[in-house]
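Trainee: One predicted model, sequence on top.
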Amino acid sequence: MGISSFFKSILASDKVDIAQRYEILRDAVSGTMSDFHMARDRQTEQIVGLKILDKQKYDQLEARFRGLDKPSEGKIATSFDHPRIVTTQSYGITTQGEQFLVMEFLQGPGLNSLIVERSKLLDGQRLTLVRQAAEALQVVHDSGYIHRDICPRNYVCSPDATSLKLIDFGLTVPARPEFMQPGIRTGTPNYMAPEVVRRKHTDQRLDIFAFGVSMYEMFAFELPWQRGSGDGLAAMNHGLTRPPSLTKFYPQIHPVLEEAIFKCLEPQVEQRTASMQDFLQEIAPLRQEDR
């Protein structure tokens, strides 16, 4: 264990009085399983992102993996050290028995917000953001994990949208057979791969499908298929029809980039892009002006 990991594990070992240690500077943003705050660390004066997990929902999720030696979100998140992934500084348990994580505070908007707003900030930046989003996911996969919740919401951009970072490892699991069995149906329904929706065996390629959906949406400002209500029913139709060409929405997209995105969207796992490294190699010849 390195020195950094040692101190992170020490920080994770003692229960923390959140109200005493952190000053909440901004009201919580509620997620599916957690609340996220902008906070000031009273000991270091540092502005941080403070994520507090809902205990009941966290316990329900972990119950699915009982006996499988699943690492916690904090342990997974602190294992990454890459400029395209949010830096998680420490993690632990509050005096109320809740899991929490402390991370760098990212100032910019989520990619989902830029998509909803049809933001002009994306103009001229999409190829760069595609590459960075792919690099982040490759790091996760090369580290032996499946993210399981790749979607625009989990990519946070810089204020000028020239860069992004991948966040949220709440659903992340090791890419080992016991975590890839049929029936583990977690993620955001609009971005779910067909094999997840249909409760089939999965692997890291479910993330590649979700990545393809996310990048399609960044160019089109539309999903490849009809948007669902969140109950997962619409996701049963993912892959049944070929999505409209991206040139319909974004005529200037380079054909190589469009083809690479569509390969990620292949409904049949065996025909889908095999790895993020393969995806990055496909688009490597493209220049910034190629969009």
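Mentor: Done, it's in. Numbering: from 1, shown residues only.
Trainee: Is Leu101 located within a strand, as I assumed?
Mentor: Yes - the assignment for Leu101 is a strand, going by DSSP: H, G, I helix; E, B strand; the rest coil.
Trainee: my guess is it contacts Lys51, does it?
Mentor: Yes - assessed by CB atoms under 8 Å, Leu101 is found in contact with Lys51 at 4.5 Å. C-beta here means a position set from N, CA and C on the backbone, and glycine is covered the same way.
Trainee: Tell me which helix or strand Gly49 sits in.
Mentor: Using DSSP states H and E, Gly49 maps to strand 47-53.
Trainee: element containing Met218?
Mentor: helix 205-220.
Trainee: quick one: average confidence on that helix?
Mentor: Averaged over helix 205-220, pLDDT sits at 97.
Trainee: low pLDDT regions in this protein?
Mentor: For the chain, residues meeting the criterion pLDDT under 70 lie at 1-13, 28, 30, 228-237, 239, 289-291.
Trainee: just the helices in it please.
Mentor: Residue ranges of the helices in the chain, as given by DSSP state H, are 3-11, 18-21, 55-63, 73-77, 111-116, 126-142, 194-197, 205-220, 255-264, 276-283.
Trainee: Show me what counts as buried in the second one.
Mentor: Put plainly, it is helix 18-21. Applying a neighbour-count criterion of 16 or more other CB atoms under 10 Å, one finds Ile18, Arg21 buried in helix 18-21.
Trainee: That helix: how far from the chain's middle?
Mentor: Offset of helix 18-21 from its chain centre (CA atoms, centre = their mean, to the nearest Å): 28 Å.
Trainee: what comes into contact with it?
Mentor: Under the criterion CB atoms under 8 Å, 6 or more residues apart in numbering, residues Asp41, Arg42, Gln43, Leu50, Ile52, Thr94, Thr95, Gln96, Phe100 lie in contact with helix 18-21.
Trainee: hmm, 10 Å instead?
Mentor: With CB atoms under 10 Å, 6 or more residues apart in numbering as the test, helix 18-21 has contacts from 24, 37, 39-43, 50, 52, 92, 94-96, 98, 100, 102.
Trainee: from memory Lys57 sits against Ser34, does it?
Mentor: Yes - shown here, Lys57 and Ser34 form a contact pair, counting by CB atoms under 10 Å, at 8.1 Å.
Trainee: and these two? which has more neighbours close in?
Mentor: More crowded of Lys57 and Ser34, by other CB atoms under 10 Å: Ser34, with 21 against 14.
Trainee: what pairs with the closest residue to Glu23 other than its chain neighbours across the strands?
Mentor: Excluding the flanking residues, the one nearest Glu23 by CB to CB, 6 or more residues apart in numbering is Arg40, at 4.4 Å. Counting by DSSP bridges, Arg40 is bridged to Glu23, Ile47.
Trainee: show me what contacts Arg40?
Mentor: Arg21, Tyr22, Glu23, Ile24, Leu25, Gln46, Ile47, Val48, Leu50, Phe105.
Trainee: Now distance to Pro251 too, for these, in TSV please.
Mentor: Below are the contacts of Arg40 laid out as TSV (distance: CB to CB, whole Å):
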residue	distance to Pro251
Arg21	52
Tyr22	48
Glu23	49
Ile24	46
Leu25	43
Gln46	45
Ile47	42
Val48	43
Leu50	43
Phe105	38
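Trainee: So which of those is the closest to Thr162?
Mentor: Within the contacts of Arg40, distances to Thr162 taken as CB to CB reach their minimum at Phe105, with 18.3 Å.
Trainee: Distance of that closest one relative to Gly92?
Mentor: 18 Å (CB to CB, to the nearest Å).
Trainee: So between these two, which is more surrounded?
Mentor: When neighbours are counted by other CB under 10 Å, Phe105 and Gly92 differ, and Gly92 comes out ahead with 21 against 18.
Trainee: and the spatially closest residue to Tyr58 that is not a sequence neighbour, what does it touch?
Mentor: Spatial nearest neighbour of Tyr58, excluding adjacent residues (CB to CB, 6+ apart): Gln99 at 5.8 Å. Contact partners of Gln99, counting by CB under 10 Å, 6+ apart, are 12, 33-34, 51-55, 58-59, 62, 72-74, 91-93, 170.
Trainee: Of those residues, just the buried ones, PyMOL syntax please.
Mentor: Those of the contacts of Gln99 that count as buried under 16+ other CB under 10 Å are selected in PyMOL with:
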select buried, resi 12+33+34+51+52+53+54+58+72+73+74+91+92+93+170
